[in-house]
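*Asks:* Mind looking at a prediction? Sequence and model below.
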Amino acid sequence: MDFTSASANKYLRRLQDEKDRLLRTEQEVSTYVLAEGETEEPPAYDYAATRERVAQIDGQARAIRHALHQFNMETVLPNRGITIDEALILLAQLSGRKDRLNSLASRQPKERLSGRFLGSNSGPVEYRYANYDVARAEADYRAVSDEIAELQLELDLVNQTEVFAVEL
């Protein structure tokens with residue numbers, strides 16, 4: 001069966017939904033209660049068939065996930081020259097950098113501290129100063145945000161157009 005990364009993930013979600021439904025149904029119909037003197041009418045349930053279908057779903061999911069991991073390790077993004085796997089790692093690193101830069105860029109170069117925490121304005125006025133160029137932190141934040149967007153677009157394009165095969 002042929003997949004793109006995007007279609008493989010959708011198929012995996014569908015398999016997981018089917019497995020969850022089977023297991024919920026099994027939970028409901030694998031036992032039943034009878035009052036004394038009632039006629040036995042157990043709900044329809046086939047233990048072996050349920051185990052077999054869950055095993056099939058798990059096998060298909062395993063095969064698709066393995067192929068998807070191989071695809072991510074082997075497929076190179078054309079503009080960046082790195083694999084999807086590397087791009088996903090880079091994306092996580094850039095997101096962490098973006099969060100740190102957001103914190104730095106959000107600071108005021110000079111911030112008054114005294115009185116704010118003690119509830120009074122008595123005593124000397126204290127200030128906290130940024131020990132860096134806040135404008136540069138803001139520019140770096142914007143640059144990292146742009147790089148993340150470009151990388152995500154390149155990943156989206158490859159994930160929706162490049163095809164790989166999976167034996168199911």
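*Replies:* Received, thanks.
*Asks:* distance between stretch 44-54 and the chain's centre?
*Replies:* 31 Å (CA atoms, centre = their mean, to the nearest Å).
*Asks:* Stretch 74-94 too?
*Replies:* 16 Å.
*Asks:* all helices of the protein, in order?
*Replies:* 5-29, 47-74, 84-105, 134-161 (DSSP state H).
*Asks:* Provide a list of residue ranges in the chain with pLDDT below threshold.
*Replies:* Scanning the chain for pLDDT under 70 picks out 114-122.
*Asks:* What residue in it is the furthest from its centre?
*Replies:* Ranked by distance from the centre of the chain (CA atoms, centre = their mean), the top residue is Gly37, with 53.2 Å.
*Asks:* What backbone torsions are found at it?
*Replies:* phi 90, psi -10 (degrees, to the nearest 10).
*Asks:* And it, how close does it get to Pro43?
*Replies:* Using CB to CB, to the nearest Å, Gly37 is found at 19 Å from Pro43. The way it works is simple: take the backbone N, C-alpha and C, and place the C-beta from them, glycine included.
*Asks:* Leu113 too?
*Replies:* From Leu113 to Pro43 the distance is 68 Å (CB to CB).
*Asks:* Ala137 contacts Pro109, doesn't it?
*Replies:* No - Ala137 is beyond contact range of Pro109, at 10.4 Å (criterion: CB atoms under 8 Å).
*Asks:* More neighbours: the two, which one.
*Replies:* Ala137 (19 against 12; other CB atoms under 10 Å).
*Asks:* For the more buried one, give me its contacts.
*Replies:* The contact partners of Ala137, taken as CB atoms under 8 Å, 6 or more residues apart in numbering, are 101, 104-105, 107.
*Asks:* Buried only: go through those for me.
*Replies:* Burial by neighbour count, judged by 16 or more other CB atoms under 10 Å, picks out 101, 104-105 from the contacts of Ala137.
*Asks:* which of these lies closest to Glu167?
*Replies:* Leu101 (44.9 Å; CB to CB).
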